[in-house]
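Participant: next come a sequence and a model predicted from it.
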Amino acid sequence: MTRAPEKPVAALTPAEAKKELADLAREIARHDRLYYQNDAPEISDADYDALRRRNDAIEARFPALIRSDSPNRRIGAAPATGFKKITHARPMLSLDNAMEREDVVNFFGRIRRFLNLPDDHAIEIVAEPKIDGLSITLRYEDGRFVGGATRGDGTTGEDVTENLRTLPAHELPRQIKGRRVPDVVEVRGEVYMRRDEFAALNEARRAADEPVFANPRNAAAGSLRQMDPEITASRKLHLFSYAAGEMSEEVAKTHWDFLRKLKDWGFAVNDRITRCHGMDDALAFYDRIGNDRADLDYEIDGVVYKVNRLDWQDRLGMVSRAPRWAIAHKFPAQQAQTRLNAIEVNVGRTGILTPVAILEPVGIGGVMVGRASLHNEDEIVRKDIRVGDTLIVQRAGDVIPQVVGVVTSKPRGAHRWKFPTRCPCPLETPVLRKEGEAATRCTGELACPYQQLERLRHFVSRDAFDIDGLGYERLALFIEKGLIESPPDIFDLERNDGKKGQPPLAEWEGWGEQSADNLFRAIDRRRTIAFERFINALGINQVGQATAKLLARHYRDPALWHAQMREVAKERAKHPDATKPEEVGEAYAELCHIGGIGMSMADDIAAFFREKHNQAVVDALEERVEIEPAAAVHARGSPIADKTVVFTGTLEKMTRQEAKARAESLGAKVAGSVSKKTDYVVVGADAGSKATKATELGVKMLTEDEWLALIGG
């Protein structure tokens with residue numbers, strides 16, 4: 001539906017307002033159905049937002065004309081900008097995956113090493129079926145349910161409180177039962193749809209000539225994110241609760257006892273959850289639940305193992321975005337055979353060319369698969385993949401489908417595919433594959449429009465600057481029009497609006513004043529950015545979310561980090577052949593000795609800051625946005641906050657790994673080498689050269705007991 005140019009609301013007559021409100025009610029309801037029920041939107045979020053704002057403005061001027069079917073009178077209707085964002089009191093962590101039994105063996109081994117447990121010590125585990133649904137968190141204050149949110153990115157989720165209220169009360173209690181309920185209780189769980197109810201929903205959608213859902217998980221996620229809770233209520237969702245978020249006081253010593261407490265409080269807890277006494281017991285449970293999988297009322301895609309003792313969970317802590325004390329043991333990947341129709345090449349933000357299999361669509365585990373990664377040229381040669389072949393394709397959980405192999409007999413007409421020697425971008429720049437590397441890269445760098453576009457997509461993505469309204473098509477359009485070449489240009493869009501030989505954005509086809517204003521305001525909201533998000537947004541090779549967080553936590557101050565990275569680049573340029581960090585320079589060595597960063601990653605960071613274009617981009621961004629310094633983690637009142645600590649020798653009371661994790665949780669920077677910037681060297685038995693160097697530099701040395709006394713045990 002194409003809308004006529006809008007007359008200013010102040011100029012509308014009552015008759016005109018009445019007609020337009022009727023049109024808007026029908027149009028908004030139609031787009032709601034397309035997006036939230038059919039998963040087939042026809043307009044952008046910004047254009048939808050413009051419709052809602054127009055409706056609101058007319059209703060505000062003509063309150064007597066508000067209709068009974070007004071978009072704002074629907075129960076629980078969300079604001080025009082979508083669901084409100086909620087920052088989780090405690091992060092909702094993701095889980096590392098175990099695909100093979102060996103991965104589970106390694107998981108138990110890592111726990112023993114971290115906690116310094118003997119090999120024959122049985123680690124008690126709680127094994128839980130991994131429900132294939134949507135993770136949520138529920139908040140209770142004084143025992144009363146006050147709100148709930150989706151997991152989102154782990155830090156911030158969507159407020160779906162009103163939709164959660166439609167779930168059965170015996171699964172999501174509105175008031176916690178029992179005495180001595182903590183003032184604040186957060187419960188985490190999984191919203192899911194039963195198999196029979198999923199089948200009935202799809203049958204009804206087929207009868208109504210509506211698109212069906214691919215699987216119960218998609219159906220559950222789409223149903224919980226309805227703008228209208230009445231639609232959610234009609235979808236028959238369910239909830240299993242399985243973990244704690246923020247708690248104002250301790251309620252259990254073990255995870256198993258906490259699950260029992262949840263049952264006592266009135267929550268639904270999966271009855272297949274089992275307490276296992278060691279690894280063999282846990283693996284036996286995995287085999288049993290795998291055999292019973294087809295007979296369950298709900299979909300599962302594996303088993304989650306959690307260390308039972310909560311004090312051990314606290315000691316183990318987390319690494320990157322996942323806890324050390326839990327892992328998801330996934331079921332084997334599901335496979336299917338299908339024809340390879342063609343091979344396309346994608347160009348990533350770092351210029352790597354990735355071949356992608358274009359398949360005859362095939363269903364795998366309830367999902368239609370039409371594309372699969374072929375990784376690189378070597379994989380295609382090694383597996384002898386030819387266009388026209390019948391391929392074996394597998395999909396495990398949410399992992400991108402992969403080509404496992406080729407059905408041996410070659411069909412008539414199958415032909416070899418030759419890796420391109422030029423980039424598929426309009427510039428057709430030559431590609432280069434360095435000796436010893438599997439990756440083939442476009443040599444066009446940022447002149448390549450594909451790389452330029454992919455870098456900008458990464459910059460505005462959810463885990464970076466998270467700018468609403470700047471999707472693939474709009475970025476491509478702005479690049480084509482010459483309005484955006486690099487990230488700083490995004491923050492100049494409004495200032496340059498109507499310039500550079502282009503009409504104002506509001507006059508572009510498919511736009512309008514409201515759409516343009518929405519985009520400019522979305523950009524303005526990101527003129528203040530968290531330090532780790534800023535680093536991640538730059539798209540430095542090998543530096544993703546986890547590494548960006550490490551860098552932000554270590555350097556804390558953005559200006560200091562930038563200065564140090566420039567120094568790292570200078571030092572590496574002076575000593576390109578050095579094989580040890582200390583041979584390169586002090587700044588380079590400090591970077592290398594941050595946990596999880598070595599010389600390979602440091603070299604990529606140095607290469608990034610050595611390029612004049614990249615330096616100019618960072619400088620320009622710093623002029624346009626405010627980068628928030630990283631706060632010390634759990635460091636309030638800590639005697640070692642912002643101190644640099646080095647551990648050497650064998651510790652007796654805890655492992656070096658646990659000592660390092662404990663120090664970082666108290667806001668310290670743990671380094672791998674001693675320098676004049678080191679504040680403390682903690683010396684265990686059989687200390688070597690680090691203790692000697694500390695003596696030479698006059699750095700304060702502590703015994704293990706002195707260290708524990710300093711940090712309070």
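Facilitator: Thanks, I have the structure now. Numbers count the residues shown, from 1 in each chain.
Participant: pretty sure Leu432 sits against Cys423.
Facilitator: No - counting by Cβ atoms under 8 Å, Leu432 does not reach Cys423; the two are 10.2 Å apart. For glycine as for every other residue, the C-beta is placed from the backbone atoms N, C-alpha and C.
Participant: intersection of neighbour lists for those two?
Facilitator: Taking Cβ atoms under 8 Å, 6 or more residues apart in numbering as the contact rule, Leu432 and Cys423 both touch Thr443.
Participant: the two: which has the busier surroundings?
Facilitator: Per other Cβ atoms under 10 Å, whichever of Leu432 and Cys423 has more neighbours is Cys423, with 24 against 13.
Participant: please report how far the nearest residue to that one once chain neighbours are set aside lies from Lys434.
Facilitator: Of all residues not flanking Cys423 in the chain, Cys442 sits nearest, at 3.9 Å (Cβ to Cβ, 6 or more residues apart in numbering). Separation of Cys442 from Lys434 (Cβ to Cβ, to the nearest Å) stands at 13 Å.
Participant: comparing the two, which shows the higher neighbour count?
Facilitator: More crowded of Cys442 and Lys434, by other Cβ under 10 Å: Cys442, with 27 against 9.
Participant: give me every residue that touches that one.
Facilitator: Cys442 touches Val347, Gly351, Leu353, Cys423, Cys425, Thr429, Val431, Cys448, Tyr450, Gln451, counting by Cβ under 8 Å, 6+ apart.
Participant: so how far is Lys481 from the nearest residue to Asn308 once chain neighbours are set aside?
Facilitator: Spatial nearest neighbour of Asn308, excluding adjacent residues (Cβ to Cβ, 6+ apart): Glu124 at 4.2 Å. Plainly put, Glu124 is 62 Å away from Lys481 if you go by Cβ to Cβ.
Participant: ok, now Ile380?
Facilitator: Applying Cβ to Cβ to Ile380 and Lys481 gives a distance of 37 Å.
Participant: got the domain ranges for this protein?
Facilitator: Split into domains by automatic domain parsing, the chain comes to 9-65, 97-330, 335-416, 445-526, 531-628, 644-711.
Participant: tabulate those (CSV), appending mean neighbour count and distance to Lys84.
Facilitator: Shown next, in CSV, are these (neighbours: other Cβ atoms under 10 Å; distance: least, Cβ to Cβ, whole Å):
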stretch, mean neighbour count, distance to Lys84
domain 9-65, 16, 14
domain 97-330, 18, 4
domain 335-416, 16, 26
domain 445-526, 17, 14
domain 531-628, 18, 20
domain 644-711, 17, 31
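Participant: turn these into JSON lines, including mean pLDDT.
Facilitator: Output for these, formatted as JSON lines (pLDDT from 0 to 100):
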{"stretch": "domain 9-65", "mean pLDDT": "72"}
{"stretch": "domain 97-330", "mean pLDDT": "91"}
{"stretch": "domain 335-416", "mean pLDDT": "85"}
{"stretch": "domain 445-526", "mean pLDDT": "89"}
{"stretch": "domain 531-628", "mean pLDDT": "90"}
{"stretch": "domain 644-711", "mean pLDDT": "85"}
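Participant: mind giving me JSON lines with the ones you listed and columns for distance to Pro71?
Facilitator: Rendered in JSON lines, the data for those read as follows (distance: least, Cβ to Cβ, whole Å):
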{"stretch": "domain 9-65", "distance to Pro71": "5"}
{"stretch": "domain 97-330", "distance to Pro71": "9"}
{"stretch": "domain 335-416", "distance to Pro71": "33"}
{"stretch": "domain 445-526", "distance to Pro71": "16"}
{"stretch": "domain 531-628", "distance to Pro71": "33"}
{"stretch": "domain 644-711", "distance to Pro71": "47"}
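Participant: so which of those comes closest to Ile86?
Facilitator: Distance to Ile86, taken as Cβ to Cβ, is lowest for domain 97-330 among those, at 4.1 Å.
Participant: show the contacting residues for the closest residue to Asp463 other than its chain neighbours.
Facilitator: Closest residue to Asp463 apart from its sequence neighbours, by Cβ to Cβ, 6+ apart: Gln545 at 5.5 Å. By Cβ under 8 Å, 6+ apart, the residues touching Gln545 are Ser320, Arg321, Asp463, Glu532, Asn536.
Participant: ok, of those, which one's closest to Pro488?
Facilitator: The closest of the contacts of Gln545, once distances to Pro488 are taken by Cβ to Cβ, is Asn536, at 16.8 Å.
Participant: show me what whichever strand or helix holds the closest one is packed against.
Facilitator: Following DSSP states H and E, one finds Asn536 within helix 531-537. With contacts taken as 3 or more Cβ pairs under 8 Å, 6 or more residues apart in numbering; DSSP states H and E, helix 531-537 sits against helix 545-555, helix 558-574, strand 626-628.
Participant: ok, the following helix or strand past the shortest one: who's next to it in the sheet?
Facilitator: Meaning strand 626-628. Scanning forward in sequence from strand 626-628 by DSSP H and E, the next helix or strand is strand 644-648. Strand pairing for strand 644-648, using DSSP bridges, gives strand 669-670 (parallel), strand 680-683 (parallel).
Participant: now render those as JSON lines, adding distance to Asn376.
Facilitator: Putting the strands paired with strand 644-648 into JSON lines (distance: least, Cβ to Cβ, whole Å) gives the following:
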{"stretch": "strand 669-670", "distance to Asn376": "36"}
{"stretch": "strand 680-683", "distance to Asn376": "44"}
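Participant: list of residues touching the helix holding Asn536?
Facilitator: Against helix 531-537 from outside (Cβ under 8 Å, 6+ apart): 458-459, 463-466, 487, 529, 543-545, 547-549, 551-553, 556, 558, 561, 621, 625, 627-630.
Participant: and Pro430, what are its bridge partners?
Facilitator: Beta-bridge partners, per DSSP bridges, of Pro430: Arg422.
Participant: OK, contacts around the most centrally placed residue in the chain?
Facilitator: The residue lying closest to the centre of the chain (Cα atoms, centre = their mean) is Asp153, at 4.7 Å. Going by Cβ under 8 Å, 6+ apart, Asp153 touches Arg462, Asp463.
Participant: does Val269 touch Phe240 like I think?
Facilitator: Yes - taking contacts as Cβ under 8 Å, Val269 lies within contact range of Phe240: 6.6 Å.
Participant: which one among the contacts of Gln545 gets closest to Lys236?
Facilitator: Among these, and counting by Cβ to Cβ, the member closest to Lys236 is Arg321, at 32.2 Å.
Participant: list the residues that contact the closest one.
Facilitator: Neighbour list for Arg321: Pro91, Leu93, Ser94, Gly154, Gln545, Ala546 [criterion: Cβ under 8 Å, 6+ apart].
Participant: closest one of these to Val407?
Facilitator: Nearest to Val407 among the contacts of Arg321, counting by Cβ to Cβ, is Ser94 at 35.3 Å.
Participant: all helices for the stretch 301-450 of the chain, in order.
Facilitator: 310-316, 377-382, 449-460 (DSSP state H, counting those that start in this stretch).
Participant: which among those helices is found nearest to Glu190?
Facilitator: Each of the helices of the stretch 301-450 of the chain has some distance to Glu190 by Cβ to Cβ; the shortest is helix 310-316, at 19.3 Å.
Participant: what packs against that closest one?
Facilitator: Other helices and strands packing on helix 310-316, by 3+ Cβ pairs under 8 Å, 6+ apart, are helix 101-115, helix 255-265, strand 300-307, helix 656-665.
Participant: send the alpha carbons of that helix over as CSV?
Facilitator: The C-alpha coordinates for helix 310-316 follow below in CSV (Å, rounded to 0.1, in the frame of the first residue of the first chain):
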residue,chain,number,x,y,z
LEU,A,310,27.7,-23.4,44.0
ASP,A,311,30.9,-22.4,45.8
TRP,A,312,32.8,-24.2,43.1
GLN,A,313,30.8,-22.4,40.4
ASP,A,314,31.9,-19.1,42.0
ARG,A,315,35.5,-20.2,42.1
LEU,A,316,35.5,-21.4,38.5
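Participant: for Ala691, which of the helices and strands packed on helix 531-537 is the nearest?
Facilitator: Of the helices and strands packed on helix 531-537, nearest to Ala691 by Cβ to Cβ is helix 545-555, at 23.2 Å.
Participant: got phi/psi on the nearest residue to Thr161 once chain neighbours are set aside?
Facilitator: Leaving aside its chain neighbours, Thr161 sits nearest to Gly147 (4.5 Å; criterion: Cβ to Cβ, 6+ apart). Backbone torsions for Gly147, taken as degrees, to the nearest 10, come to phi 170, psi 160.
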